[in-house]
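K.L.:
Would you be able to build a 3D model of this:
(one chain, ligands or ions: 1)
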Amino acid sequence: MRIKLPHIKSLIPFIFFFLTLLLQLFFKNNAPLTEKYYSTGLYPLIAQLLSSASVLLPFSLGDLLYLALILTFFIGLGLLIFKKICFGRFLLRVFQTTAVMYALFYWLWGFNYYRQPAHQRLQLTKSLASDSIFSRNFGHVIKQVNFHYTPQINFKPYANDSMIESSYKNMSDFFNFEYPMGKSRMKYISFSDFFAKATILGYYGPFFNETHINKHLTVWDIPVVSAHEKSHRLGVTSEAEAGFYGWLTCVKSEDSFTQYAGWMYALDYFVYQSRDIEKRKELIAKIRPEVINDMKVRNKHWRAWRNEKIDKAASKVNDAYLKSNNIKKGIDDYNGVVQLIVDYLEQEAS
Ligand SMILES: [Zn+2]
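P.N.:
Residues are numbered from 1 along each chain as shown. Model (predicted):
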């Protein structure tokens, strides 16, 4: 029996989809090969190609794509209701589009989920979970944040992007990646108000290699969130690792405010994770009042924006997304940044 050509054509998206599933299975069980052939082989070329197109436009191409997909879906639904197309055809198009988007997500970025973990890539030794190691490093973070305190008037928004980029360039040997992997242009999230209510400060757009930050970031957030999103562009998928890359890029920068913002970011995490530490009160008492004040202003800003219902719903979606992408800890992965910071500081001190 001969298969008619149009049928083969309509199968192409599904062949692409199954090929992607097979590759996912393969990469999932072969982290060193993922690292070699995808993350440091094919991916830098993809990043270069996509970013050289998206850098030309000031708005988010990814957001535009999502909008176009939603619109197309509703147009299709309209055509179905008015009986301009049959249900089978409508369903086929929905499945084809989903299959292509799924496959593209992995080919253009997502296979990085299966690369070697940062500890292995950066040759960091995992320290044992102990209160004394945590407290020692908490104390170190406090010393650093106190030392690097810089009033917000010294923040140079126009120079932020080039500052972070040059720090990434200086750190490229340690991070072991091929800098710059194309060009980067920071874009604003199209619906910043809505995302601010969900306290989503930035996100990465894998289809066009785009980094986005929220319009409503405080001055202390801008350097850290920019550096975090840029790490995703450079092939980092895990949130803990992106947090660590963002922190290190800021504290190693040549700008004093960026360094301060980096240490303040770390302090926030250490304060949060020190709830059960005996020396907590004693350590917190050592934080400079100016720093405490900045943290209070920042928290007040986000409390005012936060909408509990939207925030909780967004957290659930994000948790499910991370878990479906090989991040077993889901949203708790964000807190893994402390482990990476501790291990880096321990290694630096030894
Ligand atoms: Zn992230």
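
K.L.:
Flag every residue of the protein that's near the ion.
P.N.:
E239, A242 (CB under 5 Å from the ion). Placement of C-beta: from N, CA and C, glycine included.

K.L.:
all strands for the chain, in order.
P.N.:
Assigned by DSSP state E, the chain shows strands spanning 186-188, 202-205, 210-213.

K.L.:
Comparing the ones you listed, which stretch has the densest surroundings?
P.N.:
Of all those, strand 210-213 has the most neighbours on average by mean count of other CB atoms under 10 Å, namely a mean of 24.

K.L.:
coming back round to it: can you add mean pLDDT and give the strands of the chain back as a markdown table?
P.N.:
Below are the strands of the chain laid out as a markdown table (pLDDT from 0 to 100):
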| stretch | mean pLDDT |
| --- | --- |
| strand 186-188 | 96 |
| strand 202-205 | 97 |
| strand 210-213 | 97 |
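
K.L.:
Pop the domain breakdown of the chain in here.
P.N.:
Following the assignment in automatic domain parsing, the chain carries domains at 5-114, 127-349.

K.L.:
one step back: now the strands of the chain in TSV, with distance to I15?
P.N.:
Below are the strands of the chain laid out as TSV (distance: least, CB to CB, whole Å):
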stretch	distance to I15
strand 186-188	34
strand 202-205	26
strand 210-213	28
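
K.L.:
sorry, back to before: which stretch among the domains of the chain comes nearest Q120?
P.N.:
Closest to Q120 of these, according to CB to CB: domain 5-114, at 7.9 Å.

K.L.:
Check which residues of stretch 188-200 are buried.
P.N.:
Neighbour counts using 16 or more other CB atoms under 10 Å place Y188, I189, S190, S192, F195, A196, K197, A198, T199, I200 of stretch 188-200 among the buried residues.

K.L.:
got it, and stretch 15-28?
P.N.:
Applying 16+ other CB under 10 Å to stretch 15-28 flags F16, F17, T20, L23, Q24, F27 as buried.

K.L.:
Go ahead and confirm the third one touches V100.
P.N.:
No. Counting by CB atoms under 8 Å, T20 stays clear of V100, with 9.8 Å between them.

K.L.:
how many neighbours does R233 have?
P.N.:
22 (other CB atoms under 10 Å).

K.L.:
do you know how far it is from V271?
P.N.:
29 Å (CB to CB, to the nearest Å).
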